[in-house]
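Trainee: Below is the sequence, then the predicted model.
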Amino acid sequence: MDFFVTISQDEDGVYIADCPSIPGCVSQGETEAKAVANIREAIKECLVVRRQRGMPLTVDVRRVQVET
């Protein structure tokens, strides 16, 4: 499966990775590459737990336009 993830850097320089289509699926790493590797593992684990609990594996993620 393919997932979109967001990567951002916090005020301490740690990279935060988030998978918007799996609520609560977040990880981090000292480098961007490590954060990506960690979110891959987190996604796998989140999918296992969601499957065991009979939850939908993902939620819809949509693009919306907002005028600024």
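Mentor: Happy to help now that I have it. Note that this is a predicted model, so its numbers are computed, not measured. Numbering: from 1, shown residues only.

Trainee: ok, now which ones touch the closest residue to Asp10 other than its chain neighbours?
Mentor: In space, Asp10 comes closest to Ile16 once its chain neighbours are excluded; the distance is 5.8 Å by Cβ to Cβ, 6 or more residues apart in numbering. Yep, even glycine has a C-beta here, placed from its N, CA and C like the rest. Residues near Ile16 by Cβ atoms under 8 Å, 6 or more residues apart in numbering: 7-10, 26-28, 35.

Trainee: for Ile16, helix, strand, or coil?
Mentor: Using DSSP: H, G, I helix; E, B strand; the rest coil, the structure places Ile16 in strand.

Trainee: From the contacts of Ile16, keep the buried residues only.
Mentor: With burial judged by 16 or more other Cβ atoms under 10 Å, the buried subset of the contacts of Ile16 is 26-28, 35.

Trainee: Nearest to Lys44, out of these: which one, please.
Mentor: Within the set of those, Ser27 lies nearest Lys44; the separation is 11.1 Å, counting by Cβ to Cβ.

Trainee: With pLDDT as extra columns, can I get the buried ones among the contacts of Ile16 in JSON lines?
Mentor: Output for the buried ones among the contacts of Ile16, formatted as JSON lines (pLDDT from 0 to 100):
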{"residue": "Val26", "pLDDT": "98"}
{"residue": "Ser27", "pLDDT": "98"}
{"residue": "Gln28", "pLDDT": "98"}
{"residue": "Ala35", "pLDDT": "98"}
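
Trainee: From those, which land in strands?
Mentor: Counting by DSSP state E, the part of the buried ones among the contacts of Ile16 found in strands is 26-28.

Trainee: Helices along the protein, start to end?
Mentor: Ranges of helices in the chain, per DSSP state H, are 32-52.

Trainee: Need the contacts of Ile16 in CSV (columns: distance to Pro56).
Mentor: Below are the contacts of Ile16 laid out as CSV (distance: Cβ to Cβ, whole Å):
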residue, distance to Pro56
Ile7, 25
Ser8, 26
Gln9, 31
Asp10, 29
Val26, 18
Ser27, 21
Gln28, 25
Ala35, 25
